[in-house]
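A.B. asks: give me a model of this one.
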Amino acid sequence: MHPEAPPSQARPGDARPLHVVFGASGYIGSNLVPELLRTGRRVRATARNVEVLEGRGWSGAELVRADALDPATLPGALAGADVAYYLVHSMAAGSNFGAIDREAAANFAKAAAAAGVRRIVYLGGLIPPNPRSQHLKSRAETGDVLRQGPVPVTEVRAGMIIGPGSAAYEVIRDLVNHLPAMITPSWVRSVSTPIALPDLLAYLVGVAELPEAAGRILDAGGPDAVTYEQIMRCYGRLVGRQPRILAVPVLTPRLSSYWLRFVTSVPTNVARALVEGLEHDFVADDAHLRALVPRRLMGLEESIRAAIEADRAHTATARWVEGAIACRNYHPEYGFYAMRAGGTAYGPASADDVFRVVCAIGEDGDWYYANVLWWLRRAADWLVGGPSFRRTRRHPAELRVGDVVDSWRVIALEPGRRLTLLMEMRAPGAGVQELVVKPNPDGSGSSVTATAYWHPAGVAGLAYWYALVPAHLFIFRGLTRAIMRRASAASAHSGSESLRGPK
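C.D. replies: Numbers count the residues shown, from 1 in each chain. The predicted structure follows:
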């Protein structure tokens, strides 16, 4: 066991220990930061993209850009830290994620030692004997690499987490919501001890400042040892569904990971990494952790009830956040994770000129590009009783939150930067369209990005999305170029007018 490192120097004006959440934009990080703030901790949240964190609305948290694969960003992120939560993994990055995870962990361990961090808390996964899953091996190797540094590491190993947005929970939820009958692999009979998200967060907060937890690997689990089939049936009972489940031995975890892309909105690489480890039983030996952080743990049914209620209560924050219930038209059964497609264009127009064009989108049916396709989709919506063609804008060139743009509604607006529209057309799912304008770093011109996000409602919603992906790519690439052309023309015209001067 490593000895506890000396305390870091107190910061002027606030002597509370500083907790750095590294990977705050991920699932656990985005829940851990508000929990730390709620319990009175001083928090610095980091992510590769700070804009994502700015949308969380975390009052009181310091937000910093940092990337474990970019060592130059780490000293500033870890400066003055007492506790550093390491919540980074790369299983969505493809087949090379293991090497990426090892490099990131080595960089982080070295930087934490240089910054005088007193404790690293790493969330790993339960590891069965002789795992074949590369995902599980990578989680174990990451902990090993972190422990090679001088900073004491507390590794909390958890299996399935019950909470909205947890990839494993969302796979279960999508299967039950979308398939009344399913032929499943034999892994549905594997046993696990799923843990409720609030219980896991309490453990992560509790162990960080306990000297007894330094240098230890601690299993975390819920009180119930259940099969994945039991989890699906319990969830189904609570949402009024009775899935018919037939387990067959010929459908291996690897094969099942391929068809999951057609029945769940969880990113394919993530779903595949998870499912390939489900052939094992994951039963936590959590006696040590329960002794260190005593608390009443939620059982399976209570955990799922809490997850359902948390999902229903989830509202949009400062801007659109993936999984927000408002962006799923308040349908908790729609996919939590969004499918996405988009395009970007660059040009000489200023960001202000581009944003003015963005705010006039949809006026009098003008969507700037492929208007025939837009009209056909709106006509189809009108024929089935949707709002298309039935509403008019409040103002031809100005927008505010709550305004309608034909069959869309403004749900977030950052003047000069971002416009977010929620689709209100009838469709098997919920859609969001977001247009983001950025000035170029060198000060010459700007860029505009249009992205469509789609939360599918079952298999029909996934089929709808995949059928329209080519059209989305075609439209949004053309749309961004058309916006930039109009803004550049307007900017050139304004410049020529100013050169002429007043008559």
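A.B. asks: show the pLDDT at Ile127.
C.D. replies: Listed pLDDT for Ile127 reads 88.
A.B. asks: okay, now it: neighbour count?
C.D. replies: For Ile127, the neighbour count with other C-beta atoms under 10 Å is 20. To be clear about C-beta, it is placed using only N, CA and C from the backbone, and glycine gets the same treatment.
A.B. asks: for it, which three-state class applies?
C.D. replies: coil (DSSP: H, G, I helix; E, B strand; the rest coil).
A.B. asks: same deal with the one 3 residues further on?
C.D. replies: Using three-state DSSP, the three-state assignment for Asn130 comes out as coil.
A.B. asks: looks like Pro249 contacts Ser186 (just checking).
C.D. replies: Yes - assessed by C-beta atoms under 8 Å, Pro249 is found in contact with Ser186 at 5.0 Å.
A.B. asks: more neighbours: those two, which one.
C.D. replies: A count of neighbours by other C-beta under 10 Å puts Ser186 above the other of Pro249 and Ser186, at 16 against 7.
A.B. asks: quick one: contacts for that one?
C.D. replies: Ser186 makes contact with Ala247, Val248, Pro249, Leu251, Glu279, according to C-beta atoms under 8 Å, 6 or more residues apart in numbering.
A.B. asks: quick one: mean pLDDT over stretch 23-43.
C.D. replies: 93.
A.B. asks: can you give me the offset of it from its chain's centre?
C.D. replies: 14 Å (C-alpha atoms, centre = their mean, to the nearest Å).
A.B. asks: considering the contacts of Ser186, which is situated nearest to Asp101?
C.D. replies: Glu279 (21.5 Å; C-beta to C-beta).
A.B. asks: how much space separates that closest one from Ala15?
C.D. replies: 50 Å (C-beta to C-beta, to the nearest Å).
A.B. asks: helices of the stretch 101-250 of the chain, residue ranges please.
C.D. replies: Secondary structure of the stretch 101-250 of the chain (DSSP state H, counting those that start in this stretch): helices at 134-147, 167-178, 197-207, 228-238.
A.B. asks: pLDDT value on the residue nearest to Gly149 when sequence neighbours are not counted, please?
C.D. replies: Among residues not flanking Gly149 along the chain, Ala109 sits closest, at 3.3 Å (C-beta to C-beta, 6 or more residues apart in numbering). For Ala109, the pLDDT comes out at 97.
A.B. asks: report how many residues lie close to Ala109.
C.D. replies: The burial count for Ala109: 23, using other C-beta under 10 Å.
A.B. asks: that one contacts Gln148, doesn't it?
C.D. replies: Yes - Ala109 is within contact range of Gln148, at 6.4 Å (criterion: C-beta under 8 Å).
A.B. asks: pLDDT-wise, which helix or strand of this protein ranks last?
C.D. replies: helix 253-259 (a mean of 65; mean pLDDT, DSSP states H and E).
A.B. asks: which intervals of this structure have sub-threshold pLDDT?
C.D. replies: 1-13, 90-95, 250-259, 261-262, 268-274, 276-278, 314-326, 329-330, 493-503 (pLDDT under 70).
A.B. asks: what angle sits between the longest helix along it and helix 167-178?
C.D. replies: In the chain, taking DSSP state H as the definition, the longest helix is helix 458-500. Here helix 458-500 runs at an angle of 110 degrees relative to helix 167-178 (axes from the mean of the first three to the mean of the last three C-alpha atoms, to 10 degrees).
A.B. asks: from the contact counts, what lies against helix 458-500?
C.D. replies: Contacts defined by 3 or more C-beta pairs under 8 Å, 6 or more residues apart in numbering; DSSP states H and E place helix 458-500 against helix 167-178, strand 339-347, helix 351-359, helix 371-383, strand 429-439, strand 446-456.
A.B. asks: between the ones you listed, which one is closest to Val64.
C.D. replies: strand 429-439 (19.6 Å).
A.B. asks: state the number of residues packed around Gly347.
C.D. replies: Gly347, neighbours per other C-beta under 10 Å, totals 21.
A.B. asks: wait, what's in contact with the nearest residue to it once chain neighbours are set aside?
C.D. replies: Spatial nearest neighbour of Gly347, chain neighbours left out: Met484 (3.8 Å); criterion: C-beta to C-beta, 6+ apart. Going by C-beta under 8 Å, 6+ apart, Met484 touches Ala345, Tyr346, Gly347, Ala349, Val354, Val448.
A.B. asks: got the end-to-end distance for stretch 419-434?
C.D. replies: Terminal residues of stretch 419-434 are spaced 6 Å apart (C-alpha to C-alpha, to the nearest Å).
A.B. asks: which of the residues in it are buried?
C.D. replies: 419-425, 427-434 (16 or more other C-beta atoms under 10 Å).
A.B. asks: of those, which is the nearest to Gly478?
C.D. replies: Gln433 (14.3 Å).
A.B. asks: thought the closest one was touching Trp454?
C.D. replies: No - in this structure, Gln433 is not within contact of Trp454 by C-beta under 8 Å, at 10.0 Å.
A.B. asks: how many neighbours does the residue nearest to Arg147 when sequence neighbours are not counted have?
C.D. replies: Once flanking residues are discounted, Arg147 sits nearest to Val153: 5.0 Å by C-beta to C-beta, 6+ apart. By other C-beta under 10 Å, the residues close to Val153 number 27.
A.B. asks: mind listing what Val153 touches?
C.D. replies: If you count contacts by C-beta under 8 Å, 6+ apart, then Val153 has His2, Arg119, Ile120, Val121, Tyr122, Gly143, Leu146, Arg147, Gly215 around it.
A.B. asks: hmm, 10 Å instead?
C.D. replies: Counting by C-beta atoms under 10 Å, 6 or more residues apart in numbering, Val153 makes contact with 1-2, 84, 86, 109, 112, 119-122, 124, 143-147, 213-217.
A.B. asks: from the residues you listed, list just the buried residues.
C.D. replies: So, by 16+ other C-beta under 10 Å, the buried ones in the contacts of Val153 are 84, 86, 109, 112, 119-122, 124, 143, 145-147, 213-217.
A.B. asks: need the contact list for the closest residue to Val293 other than its chain neighbours.
C.D. replies: Distances taken as C-beta to C-beta, 6+ apart put Gly206 closest to Val293, at 3.6 Å, once the chain neighbours are dropped. Applying C-beta under 10 Å, 6+ apart to Gly206 gives the contacts Thr39, Val156, Ala213, Leu289, Leu292, Val293, Pro294, Arg295.
A.B. asks: much appreciated, bye for now.
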